[in-house]
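[1] Just to be clear, the model below is a prediction. Sequence and coordinates:
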Amino acid sequence: MQTHNYSSNDICSSCIHYLPSDPSRFLVAKPFEMAYSGRAQRPISSLLKQLKTSHSYSSWTRCNGFNGQSMFQSNAISRCKAPSFRPTAELGWVLGFSHACRRYSAEVGSTEQVGLIKQLRERTSAPMKDVKAALVDCNWDLEAAYTELRKKGIAGASKKGARIAAEGMLALAQDEKVAAVIELNCETDFVARNEIFQYLALSVARSALTMDALPKLLSESATIDLKLLGEMNIVLDHPKLTREITVQDAIMEVAAIMGENVKLRRGFALSSANGIVSSYLHTSPQPGLGRIAGLLTLESENGGAPTEVLQRVGSNLAMHVVAARPLFLSRDHVATKTLEAERDILKTQAAASGKPQAAIEKMVEGRLRKFVEEIALLEQKFVMNDKVNVKSVLEDLSKEVGQQIKVGSFLRVEVGEGIQRSRHMDRS
């Protein structure tokens, strides 16, 4: 192997640097100086081993060299006089080994790197290792790293879609005449308590309330079209969600941040033509959110009843809906199929008593009346005064305002009802 002898005055032992004005003049790093000077004869393989096993963060980065070859440049560059000689083939091969060395931006200092990591963590809530990896891959470009994390997160969120999401929050938005409630689900109550998740739920509920198609949906049924809602644009004003985006894309983005399956399960709305909409939220962490919602409309004959009085009684009745779980509005609204199924059960139970047939018939009818009183709203005992039923409460309200007041419709919604949970979730 050819060697070159030169004095220490001609060599910088701490860096290697390419001088564009004269490709034959460059600065040689200390390891290469030892390999090619007359004072040491170290094989190329030992230098490669040293480069592979080095873990210093001030390691070499790639730069353009002479004659199209790759060279190494230290983060701390010193310019000094270099010997005038052509490199050997072996030196060019070593300098081309830059892919074995870890790359770090010479333009971003360690203090700035820490600041960028902190900013991206606060913006995305992603794990530290993912944040740092994204910044390194994007050469410490904050916006590019943010985009990269979003791509990875949304791709991961789509894979989580098959997991059971039975936790979450109900979000309610309403005015005097219309109310909309949506159920946003997640996998754990920990995420349900997260402020980003709750902010999204409230934003979606407010969007549902302002839907152009809401009157049409209300004339057909109380159910909101989720596809139509998912395609709506909403303007998010949260430190980690600040832009205009569709509802569905916003849900996917929050799923990526939370690391869980997040889905919009259902939505309902109620409206009143000649009265008010009253609501009550149970287990409410903040206004507009809860785990159980009760809604009902109070209608007056001519719409002239005092709103304050209607709201006072309406709020109590909405609370009653949550507590008493009515299935039908009145005795007349109970489905015939439901009555017949309950009658068959009661007959079987009464027959086991061994009493005469006439007595059995009376027992069945008496128990059936009690069953209706338990499932029909107007027949239920009022939870705030069990000496009267809901029908009596409405009669007293009608006398107070001087006109007939009736319940137009009601709704009770609970987070996760009807979702088949896994055994693991039940144990937890």
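    Looks like it came in fine.
[2] in the stretch 51-200 of the chain, which ranges drop under the pLDDT threshold?
    51-107, 124-127, 152-162 (pLDDT under 70).
[3] need the strands for it, in chain order.
    With DSSP state E, counting those that start in this stretch as the criterion, the stretch 51-200 of the chain has strands at 61-64, 70-73, 167-174, 178-186.
[4] Same check on the stretch 201-350 of the chain?
    According to DSSP E, counting those that start in this stretch, the strands that the stretch 201-350 of the chain contains are 233-238, 241-246, 263-271, 275-282, 289-290, 292-300.
[5] so Arg371 touches Glu342, yeah?
    In this structure residue 371 is Phe, not Arg. Yes. Phe371 is in contact with Glu342 according to CB atoms under 8 Å; the separation is 5.4 Å. In short, each C-beta sits where N, CA and C put it, glycine included.
[6] okay, now Ala358: neighbour count?
    8 (other CB atoms under 10 Å).
[7] Could you check how far it is from Gly366?
    To Gly366, Ala358 is 13 Å away according to CB to CB, to the nearest Å.
[8] Pro326 too?
    As judged by CB to CB, Pro326 and Gly366 stand 21 Å apart.
[9] Compare neighbour counts for the two and give me the winner.
    Taking neighbours as other CB under 10 Å, Pro326 and Gly366 compare with Pro326 leading, 21 against 12.
[10] where's that one relative to Glu374, distance?
    Between Pro326 and Glu374 the computed distance is 9 Å (CB to CB).
[11] what touches both of those two?
    With contacts defined as CB atoms under 8 Å, 6 or more residues apart in numbering, the residues shared by Pro326 and Glu374 are Gln380.
[12] and the strands of the stretch 201-350 of the chain, which one is worst for confidence?
    Among the strands of the stretch 201-350 of the chain, strand 241-246 carries the lowest mean pLDDT, a mean of 86.
[13] so what strands line up beside that strand?
    Strands that pair with strand 241-246, judged by DSSP bridges, come out as strand 233-238 (antiparallel).
[14] Pull out the buried residues from the strand it pairs with.
    Within strand 233-238, the residues scored as buried using 16 or more other CB atoms under 10 Å are Ile234, Leu236.
[15] what does stretch 399-408 give?
    Within stretch 399-408, the residues scored as buried using 16+ other CB under 10 Å are Val401, Ile405, Lys406, Val407, Gly408.
[16] For Asp344, the count of nearby residues, please.
    Every residue meeting other CB under 10 Å relative to Asp344 is counted, giving 11.
[17] and the gap between it and Phe382?
    As judged by CB to CB, Asp344 and Phe382 stand 31 Å apart.
[18] Kindly report the same for Gln286.
    For Gln286, the distance to Phe382 - CB to CB - is 28 Å.
[19] neighbour-wise, which of those two wins?
    Taking neighbours as other CB under 10 Å, Gln286 and Phe382 compare with Phe382 leading, 17 against 11.
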